[in-house]
Structure formats: C-alpha cells, structure tokens
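[1] Fold the following, please.
(3 chains)
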Amino acid sequence: MIGIAPLFASFGGAIEFILTPQTSNVTGGNTVGGLDQVIELMLAQLEVTVLALALSILIALPLGLYLGHKGVGEVAAVGLGNAGRAIPELGLIALMAAVIGVGLGNLTIALAVLGIPPILTNTFVGVREVDAATVQAARGMGMTELEIVRKVEAPMAVTSVFTGIRTATIGIVATATIAPLAGVATLGEFILGEDVYGTDGVLAGAILVAVLALVLEFSLAALQRRMTSKGLKLRPA
Amino acid sequence: MASLAALPLAVVGQVEKGFIQKRTGSACQGKPSHLFCFDWARENIDRYGTPTLQQLELVAISIVIGFVVAFALALLAHRRRWLRPPLLAGTGILYAIPSISFFLLLLPITGRSRETAIIALSAYTLQIIFRNVTVGLDNVPASATDSARGMGMTERQVLWRVEIPLATPEIIGGLRIATVSTIAIATLAVFAGAGGLGTQILGEANLTFPTTILIVIGIVMAMAFFFDAILLTIQYYATPWRRARAS
Amino acid sequence: MPTGEAAPDIQSQSGASSVSYEGATKRYGSSGAFAVDHLTLEVPAGEICVLVGPSGCGKTTAMRMVNRTVEMTEGDVLVGGQSVHDREPAQLRREIGYVIQQIGLFPHRTIAENIGAVPQLLGWKKDRTRARTTELLELIGLDPELGDRYPAQLSGGQQQRVGVARALAADPLVMLMDEPFGAIDPINRERLQNQFLRLQAEIQKTVLFVTHDIDEAIKMGDRIAILREGGKVEQYATPAEILMAPATEFVEDFVGADRALKRLALMRVSDIDLWEAPLAHVGQATAEVRAKLADPDVEVPYPLLVDSERRPLGWLSARDLEAETVPSAPDSPLGPLLDRDDVMRDALADLLQGEAQYAAVVDHAGRIDGVLSVEIISEFLASPQAKTEEHSAVERPHG
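    Sure, this is the predicted structure:
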C-alpha cells in the first residue's frame, strides 16, 4: 500500500491534466489535455454511445414488444440476452476493426451488438409479465392489438424496458472507451495512449469515463422515474 | 489510425511483441486476409493456456468475493429495510463504472496487479447478486414465513431453513448473470496488468490478426456457457420442488 | 405442568390446555385505536372456541396473542394456567399448533418434512418423527405414500389437511386456526369441516378458531365469541344460546334474519325421525313391491332398490314395476345420498341442489337407514319441538 501523499499527487495530476493543457513530458513538445480536448473527446464518446443506443432501441424495442405480445420466441429472446453477456467487448471491437474496418459507422454497429440483447430480453420479459387479465380486459373493451401494445403492455413494461436500456447503456459507454482501437477517438484516447498523454492522462481518462457513465446512469434513472406511471410505483400493501 | 500507433504497450505489460514473424512464416503465408487460419491456430493453441487459466482464476476469486459481500449485504438489508435504497444505489454506482476505468482508477492505490482486477471485478458483481438475493427473499411467500414463526422457528431458523432455500432460484440466477458477465469482462483485466485472454488481443500484431481475436472470443464464450451450464445444473438439483409441479 | 395441582381441569387427559384471556389488549400507537380491547374470556381445555366477527374486529389479533405472534399492549393470556409472557416465544409456539388460511406449507419441503417440521425443531429422533408423520397422514385420510410429494403436487383440500396435520405433529396443547378453510371451495370446505370435527372428537384439543363466517362458527364452535370493530366481545356463548337469545342488536344483525334456518346447522340427520322407504331387491317379484306401495301408511311413494347388504342403488319408477321382476338397473338414479352424521343444513342443501324430493340416508357401513325429505325438515322447523328441544338437539354426536 502506498501513502496518502503520492495518492494525492496522482489524482491531483489527473485533475490538472483535465483542467489545463500541458506540454507532454512523454513525447516532448506536444500540448495535451485541457478542458477543450476533454470536452471534445467526451462529446465524441457520448455521440457514439447515443448512436449505438438509439440503433439498439430501434431494433430491440419493437422486436421485444412484438415477440412479447405474441408470446413467441421466448427461447431466442432470453437466450440472446444470455449470449450477449458472454461476448468479450475487447474481442468484439478488435474483430470488427480487423475484419470489417474502422470508423464511426462500423463502431456503432458493433456497439449495438452489445446493446440489443439486454433491451430485447427485458422488453420481452416485461411484456410477458403484464397480467393476462389486464390484457384480456383491454381486448374486451375493444382495443385493437396495436392499442393493447401501446396503451397497456408498453406502459406496464416500462420498468423492465428501462432496466434493459440501462444495462445496454452501461455496456455501450464502457466499450466506447476502447473505441480508439476502431479508429474513433473517445476518452479512451487518454487511456490507450499512455505514451502520448502520460500517467496523468491515463488516470484523467479513467476519471472522465467513470463520470460520463455515472451521469448517463443517473439521467436514465431519472427519466425512468418520470416515465413510469404513478399507479405502477405504488407498492401493494 | 493515429491512436492505433499509440497503443498503450506500457499498460499492456504482458503483450508479446514481434510474434508477427512467426505468424506470417507459417501455413497462412500468402493469405493475409484470411479470417481464420486453422494451421496457425493448431500450431499456437498452447499460448492460450496460461491466459485462460489467469482469466479463470480472476473470475473465480472475484465471484466468490462478490457473492460473499453481496449476500451478506442482502441479508443485512433484509432485516433492516432502510438500508436497501442506499445499498442499491451504492452497488449501482460500482456496477455502472466501466471496468476499464475502475482498473485504472485503482492503479495509484493497488498498482498493476491481480488485486486491482479482482477488486474492480468483484465490485461489478455486487449489484447483480445483491439485487437477485433481495428479490429472492422478497418473493418468499409470507404464508411460509408466518407459519414458520408460528410453529416456533427462531428468526435465524426462518432465514436459513425457509427464506434462503426458497430464494435459491433467484440467488443462483444472480450468480449466473454475474459469472457470465464477469468471464467476458475479465478480458479487460489486461488493462489492470492482470493478464488474462485480453493479452492475446491487445498489441498491434494481434489487433490486425482476426484468428487470435476469434480464438479469444471463442474461449471466453465457451467458458461462459460452460459455467452457466454448471450453475444451471446446480440450480436444477438444488431445487427439486420446482420440478415436482404437475404429475 | 406448573399449576396442575391448583387447577386440575386445566389440562385434559389428551394433553390440551385451557386458554384464558385476562384483559388482553392491543393498541396501535401509544394512544391509538384498540385492535383488541380488554378481552377476557375462558376457553376450557378440549373445546373449540370460535372467534367470529366482521373484518377489523381484532379476531385474528386476539388469536395471535396466544402464540405471541402479536404482542399485547396490556393484559395477559394464560395457556394451561401459565402466562405467555413468561415463555420464550419460540418455545411457546412449538407447543401450539398453528394453521392459517394460506396454509403456508413450505414449498421446498416434502409433505413428510412439512409435517415433521415441529418435531424436527424439538429435536425428535428421525424414527419417531417418521412414525408420527405416517400416523398423522393416516389420521387425516391421506395415503402415507404422499409423504414424498411436494405441496405443489397436492390439491388445495389435501394441502389444507396437511396444514392441520403439521400443526398437530408435536401433539400441541392448543391449536390456533385462522380461517383455515377460507380459501377452499364450498364443497370441499364442508368436507374438511366435517373431517376436522370428527378428528377433534378423537383428539380433543383446545382450539381457537377464527372465521368471519357465522355459519362456519355455528357449525364448528362449542362456544362462539362474537367480536365487533375495536375488539370488543359482544357475546360469548354456545351456538344455541347465540341463535336463541342474541345478547345485543349487533349479534342479532350479525347472526342474520334466518336464525331458524341456521339452527339446522346445529343438528345432524340422525337427530330427526326419518321416513321409511319400501325396499326392493334385484330379482324380487314386482308384485311384492307393488303390494308394499299399496299400503296406506307408506311414507315414501317410490320403492328404493337396495343390494344384498342393504346399500341403496336407485329408485324404481312405475315403468320398472311393469316388468315381472325387479331389474338390476333402476330407471331413476339414486340422487343425493346422505350420511347419518351429516349436518342437517348441508343435507337440506344437498336435497335442494339435487332437485330431489327424497334422499336416502345411510349409516357408517353405507346401509340404508331411512329417507329424508324437504317435507320432514319444513315440518320440523314449523313444530314447537324445534323451539323447545333446541338444547338437546345441540348436543354433538361426537362430543
């Protein structure tokens, strides 16, 4: 274990790296770090995260709602969720870069591969867990199948869908950190480029990635609370 | 591709350098775009043994630690309900922090080591296991605990003889998710300097060679499915009453 | 038996304890509403005391004070003369059987393990527990083979019987039963009630029985305590007294306007004079049967076909009697078949449900004992005898 003082020095150096541009002592001469570069790279990581997340939701949500409503494909929907967890992110990104090629488009697709399974599985499960009597009552009052999905099943599955989206987001934003391997500069630039940014840069990158991930997580949690019907928040006594 | 050139070879201490010659010199010569080179795989499969064992060891230790801590926290929150929201939030934060970032944040404290990887990986599993154990205990029918108390079980007996056995499916369910996820994520332990299969992906020579990437993906996913199947089998035999429905 | 000498009737021979409430009170909050308000009543050993009342009357709370699953705010409950406050709750509960509406069997344990739960807590030897489990399964009329099954593999009625067996396993001094048959369908509920009454005649436990159903209270109780909101006892008496002389307007309302009809719940079929049907045997000459029917004193105008053991098979129609000999398959089915021990109210229900005018009544061996008709019952209800002989009718056949 090391003392408190060097610890302060490490993290202090990282904070300084984030706030002010400095001349790299590793490669010599290059100016690195500073808020401008930090914001640029953070926005880049946010961009690819949002793109991949949007693509995942666009594919997985309708599919999950459809399969859940029809009650078919349980093995596939749940199995895909399990298989998705087993994919090593590092391998996925590296493979994509080596075989398909680098760039934002390819990266978005690769990240969506990580995002789709949890959203699909949780949407499916959320819809299946809606009380059959509620659906029957909706049908009985004359709702069309589409209306049942939109007005009954989807609102009641919100909690589960959001669990899926949050899991997907955590996976995507974490993996976007190694995006530089696929030719897209994100905060991972600091982490993977120790020989350019130095140890301060690596630590700064780690701090920034953690902050970004937590901000996303808290935002989604807040959004989830707002989108959940009041009646569903009440716990049965 | 500037960043590729700037690969963190310093971070990735164990990445081998220069084995590209060995590769191009073998049976795959002349077919550089080969997606999977079987000859090379056959000749070099040995090099994956140690990293696989390293990764297994990291996962095993992390899951055991994560399970013990999360299970204890869940039991605590079961008795003292008010502890649940803060514990959920706390483990939620540990879960949301990307592992790669977690590893590097620990570097100034624990250095480049197995411990660093284990701390971050077990922290990651806490939320999954805590949540599942809590849900499992919540789902125990109140009538069962009521009659358990009514027939004279002490609180400890109610917990160990009724509540925990009945929560087994959810508890093992949480262990399965945690184990599978951790096996995959442990590939990143290379960033903590803890070895593992990530060493066979990182490094410029590997990053442009799909065969080694595919081998790693294959080993990791096979490992995940294998342990998932083992846990599923344990659950099957540990919960005979769930099989005895309609007969 | 700490106070056995001072109060010799505190424990009955079969190992049952009296239960005495002494100003037992439960309030919620420091000055909150009363759930149970200074309850004082005495349940003699070996009797069934039913606590009945509308929801919110504190009946379950009162019952739960006995095994301290609810702690009283004030007052005391004595079990076998000893204050429950002086007992370790877990130890106390192991001597008190506990049956709840949701049954609460342990889904992860076999039927045998469920029944053996309290013996296990008490540290009985495995052989002893196993023998006791088999004995109890037989007692509640379940095949001991079912011991290896899990609760989910049993019907609701079977599960409830297992719940009772589990409560009886360690031969408790007192049984607490909280709406034990509340979740069972009406037909099976009646069966379980009858079975429990037969069982109780044998084991003679002290039972505190909670229900919101006055009919069930009348049927099951040796004594009934009627509680009202706020946990006050309105009347504590035998079922007959409550039906004949409701102490307050509340009791009168709660018992309902159909008190006369409810009295039928206190009677058994064997308590009333049955009619005799002309009997016919297979192969007998129909002329003989027709002669019996011609008798002006005949009470039932249809001949009842019985086998050689005098077990009823069915009713013969006029067309059946046109043949030379009595056919083996009668024209009209038997319809409702009653047992001598059936409660009169249930018998009437069977008659009405079967849309039958007559029902054959059999004894334990299934042999014909007589015929019950709606007419007999209505005559009985109209007769002055129904009002004056209530007390004798109330005596239980198994008490």
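
[2] Now do the SS call for A:Val102.
    Following DSSP: H, G, I helix; E, B strand; the rest coil, we place A:Val102 in the coil state.

[3] Which residue is the nearest non-sequential neighbour of it?
    A:Gly183 (3.1 Å; CB to CB, 6 or more residues apart in numbering or on different chains). Bear in mind the C-beta positions are built from the backbone N, C-alpha and C, glycine included.

[4] Contact residues of chain B facing chain C?
    B:141-144, B:146-154, B:157, B:162, B:165-166, B:168, B:239-241, B:244-247 (CB under 8 Å from any CB of the partner chain).

[5] The longest helix seen in chain A: what's the following helix or strand?
    Counting by DSSP state H, the longest helix found in chain A is helix A:35-70. Helices and strands here follow DSSP states H and E; after helix A:35-70, the next one along the chain is helix A:74-86.

[6] That following helix vs helix A:35-70, what angle?
    With axes from the mean of the first three to the mean of the last three CA atoms, to 10 degrees defining the directions, helix A:74-86 sits at 160 degrees from helix A:35-70.

[7] in chain C, what residue sits furthest out from the centroid?
    Largest separation from the mean C-alpha position in chain C: C:Glu324, at 47.2 Å (CA atoms, centre = their mean).

[8] Identify the residues contacting that one.
    C:285-286 (CB atoms under 8 Å, 6 or more residues apart in numbering or on different chains).

[9] likewise A:Phe124?
    A:Phe124 neighbours (CB under 8 Å, 6+ apart): A:64, A:67-68, A:73-74, A:77-78.

[10] And for B:Ser143?
    C:100, C:102-104.

[11] Next: B:Trp160.
    Counting by CB under 8 Å, 6+ apart, B:Trp160 has no contacts.

[12] Extract the residue ranges of chain A that are flagged as low pLDDT.
    A:1-3, A:24-29, A:234-237 (pLDDT under 70).

[13] do the same with the stretch 1-150 of chain C
    C:1-14.

[14] how far is the longest helix of chain A from where the chain is centred?
    Taking CA atoms, centre = their mean, to the nearest Å, one finds helix A:35-70 lying 7 Å from the centre of the chain it belongs to.

[15] Against which helices or strands is that helix packed?
    helix A:4-19, helix A:74-86, helix A:104-128, helix A:158-175, helix A:188-192, helix A:194-227 (3 or more CB pairs under 8 Å, 6 or more residues apart in numbering or on different chains; DSSP states H and E).

[16] Need the winner for burial among those.
    With neighbours defined as mean count of other CB atoms under 10 Å in any protein chain shown, the helices and strands packed on helix A:35-70 peak in mean count at helix A:188-192, which reaches a mean of 29.

[17] Just confirm yes or no for it near chain B.
    Yes. On the criterion CB under 8 Å from any CB, helix A:188-192 is in touch with chain B at A:188-189, A:191-192.

[18] Centroid-nearest residue for the chain?
    Answering for chain A, as no chain was given. A:Thr169 (1.6 Å).

[19] think we crossed wires, I meant chain B
    B:Thr182 (1.4 Å).

[20] now the residue nearest to the centre of chain A: how far from B:Gln127?
    14 Å (CB to CB, to the nearest Å).

[21] Check B:Gly66 too.
    Distance from B:Gly66 to B:Gln127, by CB to CB: 9 Å.

[22] Could you do B:Pro108 as well?
    Relative to B:Gln127, and taking CB to CB, B:Pro108 is found at 25 Å.

[23] For the two, indicate the residue with more neighbours.
    More crowded of B:Pro108 and B:Gln127, by other CB atoms under 10 Å in any protein chain shown: B:Gln127, with 23 against 19.

[24] Which of the three states applies to that one?
    helix.

[25] Just confirm it contacts B:Ala89, I think it does.
    No. Counting by CB atoms under 8 Å, B:Gln127 does not reach B:Ala89; the two are 9.8 Å apart.

[26] so how far is stretch A:16-24 from its chain's centroid?
    That offset, for stretch A:16-24, works out to 28 Å (CA atoms, centre = their mean).

[27] Please read the previous query as pertaining to stretch C:43-55.
    Worked out by CA atoms, centre = their mean, stretch C:43-55 lies 13 Å from the chain centre.

[28] So what touches it?
    Under CB under 8 Å, 6+ apart, the answer for stretch C:43-55 is C:9-12, C:14, C:16-20, C:41, C:59, C:62-63, C:200, C:204-214, C:216-217, C:220-229, C:254.

[29] go with 7 Å
    C:9-12, C:16-19, C:59, C:62-63, C:200, C:204-212, C:214, C:217, C:220-229 (CB atoms under 7 Å, 6 or more residues apart in numbering or on different chains).

[30] Now it - C-alpha only, PDB.
    The C-alpha coordinates for stretch C:43-55 follow below in PDB (Å, rounded to 0.1, in the frame of the first residue of the first chain):
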ATOM      1  CA  VAL C  43     -61.700 -21.400  26.800                       C
ATOM      2  CA  PRO C  44     -62.000 -24.700  28.600                       C
ATOM      3  CA  ALA C  45     -59.500 -27.400  27.700                       C
ATOM      4  CA  GLY C  46     -60.600 -29.600  24.800                       C
ATOM      5  CA  GLU C  47     -63.200 -27.200  23.400                       C
ATOM      6  CA  ILE C  48     -63.400 -25.400  20.100                       C
ATOM      7  CA  CYS C  49     -63.800 -21.600  20.700                       C
ATOM      8  CA  VAL C  50     -64.700 -19.700  17.600                       C
ATOM      9  CA  LEU C  51     -63.700 -16.000  17.400                       C
ATOM     10  CA  VAL C  52     -66.100 -14.500  14.800                       C
ATOM     11  CA  GLY C  53     -66.900 -11.000  13.600                       C
ATOM     12  CA  PRO C  54     -66.600  -8.600  10.700                       C
ATOM     13  CA  SER C  55     -63.200  -7.700   9.400                       C
END
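
[31] what does the stretch 151-300 of chain C put close to chain B?
    Listed as neighbours of chain B in the stretch 151-300 of chain C under the rule CB under 7 Å from any CB of the partner chain: C:152-153.

[32] rerun at 10 Å
    Residues of the stretch 151-300 of chain C found near chain B (CB under 10 Å from any CB of the partner chain) are C:151-153, C:163, C:166-167, C:169-170, C:172, C:176, C:178.

[33] Please pick the buried ones from these.
    Among those, those classed as buried by 16 or more other CB atoms under 10 Å in any protein chain shown are C:151, C:153, C:163, C:166-167, C:169-170, C:172, C:176, C:178.

[34] tilt between the helix or strand where A:Ala138 lies and helix A:35-70?
    Using DSSP H and E, A:Ala138 maps to helix A:132-140. Angle of helix A:132-140 versus helix A:35-70, following the same axes, to 10 degrees, is 80 degrees.

[35] got the contact list for the helix or strand just after helix A:132-140?
    Under the assignment DSSP H and E, the closest C-terminal helix or strand after helix A:132-140 is helix A:145-147. Identification of contacts with helix A:145-147 by CB atoms under 10 Å, 6 or more residues apart in numbering or on different chains yields A:69-70, A:135, A:138-139, A:141, A:153.

[36] Surely C:Ser26 is within a strand?
    Quick fix: residue C:26 is Lys, not Ser. Yes. Assignment of C:Lys26 by three-state DSSP places it within a strand.

[37] Which of the contacts of stretch C:43-55 fall in helices?
    Per DSSP H, the contacts of stretch C:43-55 map to helices at C:59, C:62-63, C:200, C:214, C:217, C:220.

[38] Can you get me a residue count around residue 153?
    Just so you know, I chose chain A. Neighbours of A:Glu153 using other CB under 10 Å come to 23.

[39] my bad, the chain I had in mind was chain B
    Neighbours around B:Met153, by other CB under 10 Å: 22.
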